[in-house]
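Student: Starting from these lines, generate the structure:
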Amino acid sequence: MAGVVIVLQARMASSRLPGKALESLGPHSVLFHCLTRLRQCRLGTVALATTNGSEDDLLEFEAARCGVTAYRGSTVDVLSRFAAVAAASGAEYVVRALGSNPAVDSAAVGRLLTALRAAGADYAVEDGLPHGAGVEVMTAAALRRCAEHAWGAGDREQVTAFMRRPGTGFRTVVATAPPALCRPDLRFTIGTRSDLHYMRDVVARAAWGSEAPQPLDRLIAAADALARFREVA
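Tutor: Here you go, the predicted model:
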């Protein structure tokens, strides 16, 4: 779909799990899974937004291996990074995804773009997916306004915090995830070493010999099978 840029936010520095973007998840890196799943939606250009720090050169190299262009910017002002990517792309819509979420539902991008347009909203998010399986969608115009008016340190770091805050004038919509994927009890994000080990187990069970990132429903089934196995063990 023309006019859409899908921006993955990632960096090597992390207070809880440094370098997690390049940790292995099956035969590939966490970053590979993130970028590949976003490219699978085929609704826009995928870009990596990372920092100017030399440690993130490795992420730019990995993104290039995946056929994705990296944009570099401020370490702390992540909002400015996103605004710069949106401006460079000329896109009408911006999708925000996180480098800690290797199990994003590829179809969520299309569902949220539809919901955003139908509601005439500035921002849309989906409720009910496993934690870490969703994305955020916004208009480029709304992102630009947010970048111009949000000046709190937290707002600049969290990108959409100001946009989601009541009273700031942005129109938001919260869509409901499809029933088959509505599993908010599951955690598919990677913030700690324990999360990484869990996702390695889930991916291993879902892969069944395939190296390709598996669809979200298959990861959910694998997580349920893993839970049953651990109960028995």
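
Student: going forward, measure contacts and count neighbours with C-alpha atoms only.
Tutor: Fine.

Student: hang on, isn't Ala49 packed against Leu8?
Tutor: Yes. With contact defined as C-alpha atoms under 8 Å, Ala49 counts as touching Leu8 (5.9 Å).

Student: Compare these two (neighbour count), which wins?
Tutor: Ala49 (29 against 24; other C-alpha atoms under 10 Å).

Student: What separation do you get for that one and Val95?
Tutor: 12 Å (C-alpha to C-alpha, to the nearest Å).

Student: Need the overlap of contacts for the two.
Tutor: Listed contacts common to Ala49 and Val95 are Val7; contacts here mean C-alpha atoms under 8 Å, 6 or more residues apart in numbering.

Student: so when I look at Val173, I'm seeing a strand, right?
Tutor: Yes. Assessed with DSSP: H, G, I helix; E, B strand; the rest coil, Val173 lies in a strand.

Student: and the closest residue to it other than its chain neighbours, helix, strand or coil?
Tutor: Closest residue to Val173 apart from its sequence neighbours, by C-alpha to C-alpha, 6 or more residues apart in numbering: Ala124 at 4.8 Å. What three-state DSSP gives for Ala124 is strand.

Student: Contacts only, for Ala124.
Tutor: 112-113, 115-116, 136-138, 172-175.

Student: Now do the contacts for the most centrally placed residue in the chain.
Tutor: Among the residues of the chain, the one closest to the centroid is Ala97, at 2.2 Å (C-alpha atoms, centre = their mean). Applying C-alpha under 8 Å, 6+ apart to Ala97 gives the contacts 6-9, 134-136.

Student: What's the mean pLDDT across stretch 205-214?
Tutor: Taken as a whole, stretch 205-214 has an average pLDDT of 72.
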